[in-house]
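A.B. asks: got a structure for you, letters missing:
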């Protein structure tokens, strides 16, 4: 399974995922400043699950019906970036099968997966 991290995702999260052996591209490394539509289209065309901290992707997916292979919205405000990386890495590995084609929200002490 492949992932694309939006530029708002903390670098320690990307590092933790890569260290766990996950295939993660980071939009900040090749298209900084790209708009949300470009990011979502790029993830879809590359068959990657999008990892973001931006709630606007929910509108693109649910209201505007943009195609995707999965969205992971990280809502861990107040946590330091290293801890966020550990939490996200553990949850992605645990729920990796359920992530594809679903909208997933990672919150403190909870994960919600919506079709």
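C.D. replies: Looks like it came in fine. Values in this document were obtained by computation on a predicted structure and should not be read as measured data.

A.B. asks: which of the residues in the longest helix along the chain are buried?
C.D. replies: For the chain, the longest helix by residue count, based on DSSP state H, is helix 81-94. Residues 84, 85, 86, 87, 88, 89, 91, 92 are the ones in helix 81-94 that count as buried (16 or more other CB atoms under 10 Å). For every residue, glycine as well, the C-beta is placed using N, CA and C.

A.B. asks: farthest pair in those?
C.D. replies: 84 and 92 (12.1 Å; CB to CB).

A.B. asks: could you pull out the helices for the chain?
C.D. replies: Using DSSP H, helices in the chain cover 11-19, 27-30, 36-45, 56-58, 81-94, 96-99.

A.B. asks: which one of these lies nearest to residue 108?
C.D. replies: The nearest among these, by CB to CB, is helix 81-94 at 8.4 Å.

A.B. asks: among the helices of the chain, which comes closest to residue 4?
C.D. replies: Nearest of these (CB to CB): helix 36-45, 4.3 Å.

A.B. asks: any idea of the mean pLDDT in the closest one?
C.D. replies: Model confidence over helix 36-45, given as mean pLDDT, is 97.

A.B. asks: output the contacting helices and strands for it.
C.D. replies: When contacts are defined as 3 or more CB pairs under 8 Å, 6 or more residues apart in numbering; DSSP states H and E, helix 36-45 packs onto strand 2-5, strand 48-52, helix 56-58.

A.B. asks: that older thread, in a markdown table, list the helices of the chain along with distance to residue 4.
C.D. replies: Below are these laid out as a markdown table (distance: least, CB to CB, whole Å):
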| stretch | distance to residue 4 |
| --- | --- |
| helix 11-19 | 10 |
| helix 27-30 | 6 |
| helix 36-45 | 4 |
| helix 56-58 | 11 |
| helix 81-94 | 13 |
| helix 96-99 | 13 |
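
A.B. asks: between these, which one is closest to residue 68.
C.D. replies: Taking CB to CB, helix 36-45 is the member of the helices of the chain nearest to residue 68, at 5.5 Å.
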